[in-house]
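# Got a predicted structure here, sequence first:
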Amino acid sequence: MRSLAASIAFLTRIPVPWGVRFSAEDVGKSARWFPLVGLLIGGVYVVMMGVLGLCFPPGVVAVLIVLAEALLTGALHMDALADIADGFGGGNTREDILRIMRDHAIGSYGATALILLVALKVTVITALLQRQQAVPYLILVPALGRWSIVPLCRFLSYARESRAVASHIGTAELVWASLIIAGAVAFAAPWRGLACWLAVAATSTWFGGLCFHKIGGITGDTLGANVQISESVVLLTGLALSG
């Protein structure tokens with residue numbers, strides 16, 4: 001339970017028992033539960049869809065689901081995507097990119113990335129709701145997005161000097177996280193879910209290679225950005241397969 005609580009505290013703004021403190025090792029070892037936290041978030045989306053769909057049209061429901069994501073996570077991964085867009089877009093050297101990524105201000109690249117992300121998510125979720133195909137993807141989107149963190153941490157080095165959390169994410173965490181995803185895929189949408197999983201794996205491999213080329217590895221921002229990229233890939237794959 002402590003390990004699961006650590007993953008919830010790390011990935012969301014959901015309160016955990018007062019006074020509980022987690023070390024970097026606790027958070028790293030809790031990575032095996034990252035997809036489960038995603039499934040919990042997906043469950044919230046599905047409940048919202050069922051309740052709000054009784055009163056509002058699909059477009060409004062889609063906006064509120066994306067809003068719920070921002071509130072549940074503190075917009076953590078959205079902010080990471082903006083930082084990566086600014087850093088990779090505006091930096092010429094590794095040092096420039098890392099410096100820009102540390103800057104809390106959002107530049108033109110970051111703002112554009114956020115606008116496109118929200119527009120894409122709202123549009124695709126609306127289309128899935130209209131086709132009555134949204135449920136499996138609302139479940140898998142946050143789960144696969146958070147699964148993508150684990151292999152990147154397992155196979156890539158950390159680009160900054162401090163790598164306390166990532167250093168504790170190993171093969172065992174990847175195996176457990178993948179088993180959770182396999183169960184979720186089998187339950188939600190077997191062959192379509194598998195296609196989404198493969199798309200996320202391919203996207204994460206590509207993005208990991210880009211990060212290695214640009215800055216020599218991963219950072220917290222690159223992991224968060226890959227969550228958003230992976231979620232968008234799942235939505236687009238789901239929309240393509242639901243036609």
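It's in. Numbering: from 1, shown residues only.
# Could you report the neighbour count for V233?
V233: 21 surrounding residues under other Cβ atoms under 10 Å. C-beta: built from backbone N, CA, C; applies to glycine.
# thought it was touching V200?
Yes: V233 is in contact with V200 according to Cβ atoms under 8 Å; the separation is 5.9 Å.
# which helices and strands sit right next to whichever strand or helix holds G42?
For G42, the host element (DSSP states H and E) is helix 34-52. Applying 3 or more Cβ pairs under 8 Å, 6 or more residues apart in numbering; DSSP states H and E, one finds that helix 34-52 makes contact with helix 2-11, helix 58-73, helix 134-147, helix 171-188.
# From the centre of this structure, point out the most distant residue.
Relative to the centre of the chain, the most outlying C-alpha is that of C55, 28.7 Å out, by Cα atoms, centre = their mean.
# wait, is it part of a helix?
No: under the criterion used here (DSSP: H, G, I helix; E, B strand; the rest coil), C55 is coil, not part of a helix.
# Torsion angles phi and psi at it?
For C55, the backbone dihedrals (degrees, to the nearest 10) come out as phi -120, psi -30.
# so what pLDDT did it get?
According to the per-residue confidence, C55 scores 96 in pLDDT.
# gap between it and V46?
C55 sits 16 Å away from V46, going by Cβ to Cβ, to the nearest Å.
# Tell me which residues of the worst-scoring helix or strand of the chain on mean pLDDT come out buried.
Least confident helix or strand of the chain, by mean pLDDT, DSSP states H and E, is helix 24-29 with a mean of 88. By neighbour count on 16 or more other Cβ atoms under 10 Å, the buried set for helix 24-29 is D26, V27, G28, K29.
# How about stretch 80-98?
Quick answer for stretch 80-98 (16+ other Cβ under 10 Å): 80-88, 90-91, 97-98.
# can you tell me the average pLDDT over stretch 187-206?
96.
# mind checking the longest helix of the protein?
helix 190-215 (DSSP state H).
# what packs against it?
helix 94-102, helix 134-147, helix 149-155, helix 171-188, helix 220-241.
# Figure out which of these is closest to V51.
helix 134-147 (13.2 Å; Cβ to Cβ).
# Let me see the mean pLDDT of the closest one.
Helix 134-147 comes out at a mean pLDDT of 98.
# Packing partners of that helix?
For helix 134-147, the packing partners by 3+ Cβ pairs under 8 Å, 6+ apart are helix 34-52, helix 108-130, helix 171-188, helix 190-215, helix 220-241.
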